[in-house]
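Chemist: With the input below, show me the fold.
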Amino acid sequence: MLDYSILTTPSLSVRGIELETSGEVYQKNHSTPFGAGPIFFPPLTTNINNQQMLQIVVSDYVPNSLMFHGHRIKLFDTRIDWTTPQFGPVMRTTCDLSTGSLFCIGDLFPALREMLPDRNLAFVFTTLRAPAVIVQSEEKGRHFRQFVTRRNAH
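Modeler: As a prediction, this is how the structure comes out:
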């Protein structure tokens, strides 16, 4: 479920009508164990664009609450096997052109091919923790890239 309930009384400002809403994704009877951090509107400038009908500020709380509950209900768990479209022919320990594939998993893992020749394989992917989105300003991202570049230069 998506909760967009209004948290504070709507207010009028030079920006227009300001509404503070929850923006939480949740499953009935299961709360999100973390809350949203503080969020601020961008500073007012003298170059207000009067052509925009709607401006919205969204925090990382919306996607993070979605991914937390998605992880909890195993939404991100994926199985790829020999019946999966476009991956099926690759999901074998042994293959040749007659199987319809130029390579297979057995080519990447030769020990597996030797131990279990001519077998179908299945991979199961699951999240160990809920994925997270971190939203930060462009300046912070730029500083991070400069830091990484500087560190790699040494």
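
Chemist: Now do residue 15 against residue 7, distance only.
Modeler: For residue 15, the distance to residue 7 equals 17 Å [CB to CB, to the nearest Å]. In this view, the C-beta of every residue, glycine as well, is placed from N, C-alpha and C.

Chemist: Then residue 64?
Modeler: For residue 64 relative to residue 7 (CB to CB), the value is 17 Å.

Chemist: So the two - more neighbours on which side?
Modeler: Using other CB atoms under 10 Å as the criterion, residue 64 and residue 7 rank with residue 64 on top: 21 against 11.

Chemist: Just the pLDDT at that one, thanks.
Modeler: With respect to pLDDT, residue 64 has a value of 90.

Chemist: looking at it, it is touching residue 135, isn't it?
Modeler: No - look at residue 64 against residue 135 with CB atoms under 8 Å: they stay out of range, at 9.5 Å.

Chemist: Strands of this protein, start to end?
Modeler: 2-3, 11-13, 16-18, 24-25, 78-81, 122-125 (DSSP state E).

Chemist: Against which helices or strands is the second one packed?
Modeler: What it means is strand 11-13. Counting contacts by 3 or more CB pairs under 8 Å, 6 or more residues apart in numbering; DSSP states H and E, strand 11-13 packs against strand 16-18.
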